[in-house]
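Undergrad: have a look at this prediction, sequence included:
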Amino acid sequence: MMRDPEKTIGSLIDKQGVSFVGSVDGDGFPNMKAMLPPRKREGIKVFWFTTNTSSMRVAQFRQNPKACVYFYDKRFFRGVQLLGTMDVLEDSESKEMIWRDGDTMYYKGGVTDPDYCVLRFTAQNGRYYTNFASQDFSV
């Protein structure tokens with residue numbers, strides 16, 4: 001049993017260069033996508049990602065906000081899945097909060113580019129996998 005899930009899982013997340021984000025398509029099937037790590041996180045409850053407003057994933061989250069995020073530590077063969085909901089945010093405060101120098105490589109119009117939006121994932125519960133065993137936890 002984890003003594004401090006937020007510390008254990010937070011440390012795992014912060015060391016990963018890739019996030020796997022899952023959505024549900026119009027036929028009810030899961031869809032998974034590798035994305036850059038979250039730009040910001042609040043404990044292990046809320047995560048902020050950047051993406052294109054025109055993406056398939058954004059359309060899916062607008063239809064069905066159910067989502068999952070998975071972080072995998074290849075070196076130690078451990079991972080964590082978080083289940084929750086994904087909000088698509090296009091307000092200037094959210095966009096400016098996680099904007100970084102160099103993002104114009106993806107969003108030519110800068111922070112106000114209409115094809116730039118923020119995904120805010122809010123976890124409800126999770127499952128941690130390590131040492132060939134797993135355990136569920138609440139967030």
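TA: Yep, that arrived.
Undergrad: show me which helix runs longest in this protein.
TA: Using DSSP state H to define each element, the chain has its longest helix at helix 5-14.
Undergrad: send the alpha carbons of it over as CSV?
TA: C-alpha atoms of helix 5-14 as CSV (Å, rounded to 0.1, in the frame of the first residue of the first chain):
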residue,chain,number,x,y,z
PRO,A,5,-0.1,8.5,-3.2
GLU,A,6,0.2,12.1,-4.1
LYS,A,7,3.9,12.1,-3.5
THR,A,8,4.6,8.7,-5.1
ILE,A,9,2.5,9.3,-8.1
GLY,A,10,3.4,12.9,-8.5
SER,A,11,7.0,12.0,-8.6
LEU,A,12,6.4,9.4,-11.3
ILE,A,13,4.4,11.8,-13.4
ASP,A,14,7.0,14.6,-13.2
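Undergrad: next, count neighbours for the nearest residue to Ser23 once chain neighbours are set aside.
TA: Using C-beta to C-beta, 6 or more residues apart in numbering and skipping residues adjacent in sequence, the residue nearest Ser23 is Gln60, 4.1 Å away. The C-beta positions use only the backbone N, C-alpha and C, and glycine is treated the same way. For Gln60, the neighbour count with other C-beta atoms under 10 Å is 21.
Undergrad: what of Ser23?
TA: Ser23 - counted by other C-beta under 10 Å - has 23 other residues nearby.
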